[in-house]
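Enquirer: Please work out how this folds:
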Amino acid sequence: MPSTKWVVNIGDQCNMDNKVQYLNQIIEVIDNKATIFKNNKKNLPHAAYVAEKEILTKTINDAIQLAEEIKPVPFSLINDLRSLIKQL
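Expert: All right, here's what the predicted structure looks like:
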């Protein structure tokens, strides 16, 4: 019986590692898209501005939700992402 629990713990760790890797990829995409958005938002037509901001906001909120599932919770990252939403 103890070996089964050990396998479950390894599985949990692998799942956590996958979440961290996925979060890192999402953060990279958010960083690139947010930089482009901030640099070009004055030149975007209103409809494009609203659509891009909505997509970025949803993606950031998804990243926050994923970050909250990671242990230990990366609170500084979550706060940075929330600040980024306000900057958009």
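
Enquirer: how many other residues sit next to Lys42?
Expert: As a burial measure, Lys42 scores 7 neighbours (other C-beta atoms under 10 Å). C-beta coordinates here come from the backbone N, C-alpha and C atoms, glycine included.

Enquirer: What score does it have for pLDDT?
Expert: For Lys42, the pLDDT comes out at 93.

Enquirer: tell me the SS of it?
Expert: At Lys42 the chain is in coil, as set by DSSP: H, G, I helix; E, B strand; the rest coil.

Enquirer: The chain should start at 511 in everything you say after this.
Expert: New numbering, starting at 511: the last item is Lys552.

Enquirer: So, low pLDDT: which residues of the protein?
Expert: 511-524 (pLDDT under 70).

Enquirer: Can you tell me the closest non-neighbouring residue to the residue nearest the centre of the chain?
Expert: Nearest to the mean C-alpha position of the chain, by C-alpha atoms, centre = their mean, lies Ala573 at 2.2 Å. Leaving aside its chain neighbours, Ala573 sits nearest to Ile536 (4.7 Å; criterion: C-beta to C-beta, 6 or more residues apart in numbering).

Enquirer: Can you name the next helix or strand after the strand or helix carrying the one you found?
Expert: Per DSSP states H and E, Ile536 falls inside helix 512-550. Where DSSP H and E defines the elements, the next helix or strand beyond helix 512-550 is helix 556-579.

Enquirer: what about Ile540, how many residues close to it?
Expert: Count around Ile540 with other C-beta under 10 Å applied: 18.

Enquirer: same thing with Val530?
Expert: Val530: 14 surrounding residues under other C-beta under 10 Å.

Enquirer: contacting residues for the residue nearest to it when sequence neighbours are not counted?
Expert: Leaving out its chain neighbours, the residue that sits closest to Val530 by C-beta to C-beta, 6+ apart is Ile580, at 6.0 Å. Contact analysis of Ile580 by C-beta atoms under 8 Å, 6 or more residues apart in numbering lists Met526, Lys529, Val530, Leu533.

Enquirer: Same question for Glu562.
Expert: Lys543, Phe547, Lys551, Leu554 are the contacts of Glu562 under C-beta under 8 Å, 6+ apart.

Enquirer: so which of those residues comes closest to Ser586?
Expert: Ser586 has its nearest neighbour among the contacts of Glu562 in Lys543, at 20.8 Å by C-beta to C-beta.
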